[in-house]
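A.B. asks: Quick one, structure for this:
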Amino acid sequence: MNKIFKILATRVLGLLIILVCIVGCEESFLDTKPATSVSEKDIYTDVETAKGVISGMYAQFKSWGVRYSSASMSGLHSAAMVRDCMGPDVLIVKSWYRAEATYGAFNPSNSRVAYLWSELYFVINNINNVLSQIDNLTGSDEAKNQLRGEALAIRGWAYFELIRTHQHTYTIASSQPGIPVYTEPATGDSKGNPRGTVDQVYQQILSDLTTALPIIGSSRSTKFYFNDDVVEAVLAQVYLTMGNWSQAIAYASSVKADYPLMSASEWQSGFNGFNSEWIWGQNNTSDENPDWGSAHNMMDPINGGSEAGWRVSDALTSLYSATDVRGAMIVDDGLGYNANTKWQDIPSPLFSADYPLIRSAEMYLIEAEARAKSNPPDFAGAQTALYAVQFRADPNAVISSASGQALIDEIIEEKRKEFWGEGIYLRDMLRNQMPLVRDATHNYIYNLPANSWEFIFPIPESEILINVNIGQSDQNPTSGVYSGK
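C.D. replies: A predicted model of the protein is given here:
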C-alpha cells in the first residue's frame, strides 16, 4: 500500500483544508490563507479549527458518490440500502440498485466494493490525523477530550462497518482474517498493514468506543453527529454481534430510555424528519444532500424521482396483521407490485428528506434478542421488550408467550417488519446464520445458503494491487459456504 499511502499523505491535507472551509473557517483565515499555501500547522492550531475537520467529514458522509460518478453511491445511507437490496424483501423494478439486488456488483474490481472500503479508510486516516494532533492544540482539556471522544467514536464505528462487510460474523469467524487496522496517520513511507484477525479488529472497535464514551459528552448540534448516546447504541450493536448478551442488554437499555418510541401516527408520517425515536440519522439540507441518490428518491413510490423503483416482497407484506400500521403503508402500485409509502420524499428543498441510521426500536429488539439468548435466558424480559415495538405498531398485538428459538425467530421477524429500507435485516440474517430465501413473486429470484461467501464483500482489487502486505492469497472466496477455516 506504499503508493496509496503516499497519495493519502500528500492529498489528505488539501482535502482537510477543503472540508474545513466547507464547514466554515474564520473569515480572516479565508482571506489571508489561500488553500494551496495552508500548512498542517494552520489547520491544527486550536480545538475549534480541528473540529472543522470532523464537521467536514460529516458533510462528506452525505455526498460520497461524487467521487464515484454514481448517484446510487451517494451518501452514507447508500450502504444500508445495499444491504436491504441483498435481502429477501426489496424488489427493484427500475435500474438503480439492480446490480446489488442480483449480486452482480460484488466482485473485487467493482466500484460498489471499492466504495465503502476507500471512503471509510479515508475517514479513518483523517481521524488518525486529528488524534495525532489533539495534544498540541490550544483549548481546554474538556474541549480536547470531547474532540478525542468524537474522533475515536467515528473510527470505532468505521471499523465496525468494514469488518461486518468484509468477513463473516464474529461468533463463527473471530480467528479469521479481518481487515487492516491503522491507528496512526499515513505517511509517504507507509506500506500498508496486513489483514488483522476479526477478533483483533473487534478489540480495536471496543477500545475506541469504550474510550470515547466517558469523554464525548451528550451535546451535539444535530443528530447526525456522534455523542454518548450514539456510542452506546453502537456498543449495543457490537456486543450483540459478539454474543456478549449482558453488555448488549446494558447498553441497549441505557440508550433507549432517552429515546421514546414514536407513536403509530408518527411512524406513518413519512420517515423524512427527525423525531424522538431517532438516535442517529443523516440530516439532509438544500446544500448538503445525496442528490438523486437520496433514499427517498429511490423508495418513495408517490413523490420519488424517476428511479423510485423499490417495491416490497409478498413474503414481507403477508407478515403484517390487518391492524398493523406498518402494513397499512404498503399499497398496490397498479403495476402488480407492492409499494411501500413508509418513505415520503420532501419536494422542497429537493432531496432534503432525512434518513434514520439508528432508532430506539432497534435497541428494544437488541435487548429482546440478547435476553432470549442469555444463559440462563430471560424470556419474560425478552417478551416485554419485543411487545413494546409490537404494540406501538399494532393496537391489537398480544404479548408473546413463545420461548427458546421460537421467541428468537419472532424477534428477528419483528425487525424484518420494522426496518424495511433501513439496512438492518441482512445484518440479522448473517449474525443468526440464516439463508437468503426470496419468494416466487420476486423479480430477481436469488437464494443463498446460510454463511454463503456471496454475502461477504471481497477485498477491493485496488487494495491488493497497492498494499504490499495483502496479496491474492489473502482474498475472500467469491463463492461457496464458509466452513470455519
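A.B. asks: Show me the chain divided up by domain.
C.D. replies: If you go by automatic domain parsing, the domain ranges for the chain are 2-265+357-474, 266-356.
A.B. asks: Make JSON lines from those domains and add mean pLDDT and distance to Gly484 to it.
C.D. replies: Yep, even glycine has a C-beta here, placed from its N, CA and C like the rest. Formatted as JSON lines, the domains of the chain follow (pLDDT from 0 to 100; distance: least, CB to CB, whole Å):
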{"stretch": "domain 2-265+357-474", "mean pLDDT": "88", "distance to Gly484": "7"}
{"stretch": "domain 266-356", "mean pLDDT": "91", "distance to Gly484": "30"}
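A.B. asks: Relative to Gly480, which of the ones you listed is closest?
C.D. replies: domain 2-265+357-474 (5.4 Å; CB to CB).
A.B. asks: and that closest one, how far from the chain's centre?
C.D. replies: On the basis of CA atoms, centre = their mean, to the nearest Å, domain 2-265+357-474 sits 4 Å off its chain's mean C-alpha point.
A.B. asks: And the helices in the stretch 351-485 of the chain?
C.D. replies: Here the stretch 351-485 of the chain has its helices, by DSSP state H, counting those that start in this stretch, at 360-373, 379-393, 404-418, 425-431, 461-466.
A.B. asks: nearest to Ser221, of the ones you listed?
C.D. replies: Closest approach to Ser221 among these (CB to CB): helix 360-373, 20.7 Å.
A.B. asks: Could you name the helices and strands sitting against that closest one?
C.D. replies: Packed against helix 360-373, as judged by 3 or more CB pairs under 8 Å, 6 or more residues apart in numbering; DSSP states H and E, are the following elements: helix 228-242, helix 245-256, strand 278-282, helix 379-393, helix 404-418.
A.B. asks: hmm, back to that, could you save the domains of the chain as a markdown table and add columns showing distance to Val481?
C.D. replies: A markdown table is the format used below for those (distance: least, CB to CB, whole Å):
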| stretch | distance to Val481 |
| --- | --- |
| domain 2-265+357-474 | 5 |
| domain 266-356 | 23 |
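A.B. asks: Tabulate those in CSV, adding columns for mean neighbour count and distance to Ser483.
C.D. replies: Formatted as CSV, the domains of the chain follow (neighbours: other CB atoms under 10 Å; distance: least, CB to CB, whole Å):
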stretch, mean neighbour count, distance to Ser483
domain 2-265+357-474, 19, 8
domain 266-356, 19, 29
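A.B. asks: before we move on, the earlier item: Glu150 is nearest to which of the helices of the stretch 351-485 of the chain?
C.D. replies: The minimum distance between Glu150 and the helices of the stretch 351-485 of the chain falls on helix 360-373, with 21.0 Å, by CB to CB.
A.B. asks: by how many degrees do that closest one and helix 245-256 diverge?
C.D. replies: 160 degrees (axes from the mean of the first three to the mean of the last three CA atoms, to 10 degrees).
A.B. asks: circling back: for Tyr97, which of the helices and strands packed on helix 360-373 is the nearest?
C.D. replies: Between Tyr97 and those, the tightest spacing by CB to CB is seen for strand 278-282, at 17.5 Å.
A.B. asks: Neighbouring strands - and their directions - for that closest one?
C.D. replies: Next to strand 278-282 in the sheet, as set by DSSP bridges, lie strand 355-359 (antiparallel).
A.B. asks: Pull the contacting residues for Arg416.
C.D. replies: Counting by CB atoms under 8 Å, 6 or more residues apart in numbering, Arg416 touches 89, 316, 319, 425, 428.
A.B. asks: mind running it again at 6 Å?
C.D. replies: Shown in contact with Arg416 (CB atoms under 6 Å, 6 or more residues apart in numbering): Tyr425.
A.B. asks: Distance of it relative to Ser263?
C.D. replies: From Arg416 over to Ser263 the distance is 22 Å, taken as CB to CB, to the nearest Å.
A.B. asks: again with Gly56
C.D. replies: 36 Å.
A.B. asks: and what of Met299?
C.D. replies: Counting by CB to CB, the gap from Met299 to Ser263 is 22 Å.
A.B. asks: cool, Lys417 as well?
C.D. replies: 17 Å.
A.B. asks: got it, and Thr211?
C.D. replies: Distance, Thr211 to Ser263, using CB to CB: 37 Å.
A.B. asks: Tell me which of the helices of the stretch 351-485 of the chain sits nearest to Ser118.
C.D. replies: Of the helices of the stretch 351-485 of the chain, the one closest to Ser118 (CB to CB) turns out to be helix 461-466, at 7.5 Å.
A.B. asks: Thank you, goodbye.
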